[in-house]
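Colleague: I need the structure of the sequence given here:
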Amino acid sequence: MFGIPGKAAVTLTPSAAKQIAKLMARDGSQGLRIGVKKGGCAGMEYTMDYVSEVNPLDEVVEQDGARVLIAPMAQMFLIGTEIDYEVSLLESGFKFRNPNVIDSCGCGESVKFEEAPARL
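Modeller: Just a heads-up that it's a prediction; the model follows:
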């Protein structure tokens with residue numbers, strides 16, 4: 001919808017694709033829907049939910065058996081984002097490498113995007 005024709009709006013690392021596909025199979029979901037909402041100390045937070053139905057307005061990215069659905073209101077914020085799944089001694093989870101982020105909080109849970117110019 002907002003992306004470059006022929007190029008996925010987001011990409012998944014092999015680790016993220018494997019984890020998403022595994023959870024989709026376990027839960028019988030249609031994919032992982034990613035969105036953004038107001039909140040957190042930097043202004044916006046990512047949302048992630050496994051869903052049983054695809055919204056026709058979602059942008060669908062399929063890679064290596066994984067399906068990511070990008071909510072309509074999040075599409076312009078996520079173009080060019082790489083999603084990874086990292087495992088460490090203390091935590092594991094999805095990490096977003098988003099070129100559209102101009103600031104984030106210290107804990108990494110919320111982000112700030114450059115404000116879009118006002119339309120005249």
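
Colleague: how close does the closest residue to Ile20 other than its chain neighbours get to Leu89?
Modeller: Leaving aside its sequence neighbours, Ile20 sits nearest to Ala66 (Cβ to Cβ, 6 or more residues apart in numbering; 3.7 Å). C-beta coordinates here come from the backbone N, C-alpha and C atoms, glycine included. For Ala66, the distance to Leu89 (Cβ to Cβ, to the nearest Å) stands at 25 Å.

Colleague: Neighbour count for these two, which is higher?
Modeller: Taking neighbours as other Cβ atoms under 10 Å, Ala66 and Leu89 compare with Ala66 leading, 21 against 5.

Colleague: residues contacting that one?
Modeller: Leu12, Ala16, Ala17, Lys18, Gln19, Ile20, Ala21, Met24, Gly31, Leu32 (Cβ atoms under 8 Å, 6 or more residues apart in numbering).

Colleague: same thing with Ala17?
Modeller: Ala17 neighbours (Cβ under 8 Å, 6+ apart): Gln63, Asp64, Gly65, Ala66.

Colleague: quick check, it in a helix?
Modeller: Yes: checked against DSSP: H, G, I helix; E, B strand; the rest coil, Ala17 lies within a helix.

Colleague: Can you give me the distance of it to Asn100?
Modeller: 22 Å.

Colleague: Am I right that Tyr85 is in contact with Ala16?
Modeller: Yes: under the criterion of Cβ atoms under 8 Å, Tyr85 makes contact with Ala16 at 4.3 Å.

Colleague: In terms of neighbours, single out the busier of the two.
Modeller: Higher neighbour count among Tyr85 and Ala16: Ala16, with 24 against 18, using other Cβ under 10 Å.
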